[in-house]
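K.L.:
here is my input, please return the structure:
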Amino acid sequence: MAPVYMGHEYREEESNNEAEYIGYREEESSSGEEEKHYPRFASPKIQSRTLEHRFQKILFYVFKEFVITDCLTRGVALMPAKMSVVGFDFGNESGVVAVARQRGIDVVLNDESKRETPAIVCFGEKQRFLGTAGAASSMMNPKNTISQIKRLIGRQFSDPELQRDLKALPFSVTEGPDGYPLIHARYLGEMRTFTPTQVLGMVFSDLKTIAEKNLNAAVVDCCIGIPIYFTDLQRRAVMDAATIAGLHPLHLIHETTATALAY
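P.N.:
Predicted structure coming up:
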């Protein structure tokens, strides 16, 4: 049974002795005092949905604490006629898109009716494949399939941690003239090089397309969640990647900060 939105919490309807809800809700007891009901995670089915709830909470507080405040400060209309606030959360494996609507925060679906979209770019002989299409093509073309881009973004090639990560990646990565990694892939019949920022820009472009299909409107302003350990260089690389995708990031917010605000 799908979660039901109740204010700022999501309740799982009772079925077959499974947990009733995720999060807690407050009720007034017969004595007039408020009681808090805490979760009972009795079902693996419900446990599997906690990631989706985490994304929803992160994006909700991104919008509430940062985007809306920024709009009020600058005197920008919060909800223009054909625009909506959009949030992106990207990881090593996948990305999620959410939009702010009148009824709350919605995590939008991609073309396969899934909320998570693979953060993958696969370069073919005639075209490139992004997201779900890239994941489907990766088995046939692993050496030209770029994933785990979050591990490369904004880091120098000599970084010991990056060197350990590179050993597990199937595609070719070398050091560029500026000391940062360059990704090699065969595309349109020839070997080409891409920076991690360019590849992340392609991932953002795919997420942007998903948002625009759901909103039936152009998407420009956005908010992006990043890990707390990202350096200034990594933050700048994320901003540059968003610009490549035609986005204007209003704010970058630490994922842990957004999660803390949710509680």
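K.L.:
measure Y229 to R128 for me?
P.N.:
30 Å (C-beta to C-beta, to the nearest Å). The C-beta positions use only the backbone N, C-alpha and C, and glycine is treated the same way.
K.L.:
ignore what I typed, I meant G246.
P.N.:
The separation that G246 has from R128, given C-beta to C-beta, amounts to 17 Å.
K.L.:
quick one: which of these two has more around it?
P.N.:
R128 (17 against 13; other C-beta atoms under 10 Å).
K.L.:
could you report the neighbour count for the closest residue to the more buried one other than its chain neighbours?
P.N.:
Of all residues not flanking R128 in the chain, V121 sits nearest, at 6.2 Å (C-beta to C-beta, 6 or more residues apart in numbering). Neighbour count for V121, taken as other C-beta under 10 Å: 30.
K.L.:
contact partners for P170?
P.N.:
P142, K143, T145 (C-beta atoms under 8 Å, 6 or more residues apart in numbering).
K.L.:
just the buried ones out of these, please.
P.N.:
Buried members of the contacts of P170, counted by 16 or more other C-beta atoms under 10 Å: T145.
K.L.:
looking at the contacts of P170, which are in strands?
P.N.:
In strands, defined here by DSSP state E, the members of those are T145.
K.L.:
output the contacts of P170 as CSV; include the columns pLDDT.
P.N.:
What follows is the contacts of P170, written out as CSV (pLDDT from 0 to 100):
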residue, pLDDT
P142, 89
K143, 90
T145, 94
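K.L.:
what about A211, how many neighbours?
P.N.:
Count around A211 with other C-beta under 10 Å applied: 21.
K.L.:
so who does it touch?
P.N.:
Applying C-beta under 8 Å, 6+ apart, the residues contacting A211 are V86, V97, V99, V108, V219.
K.L.:
how close does the fourth one sit to M191?
P.N.:
Read it as V108. 36 Å.
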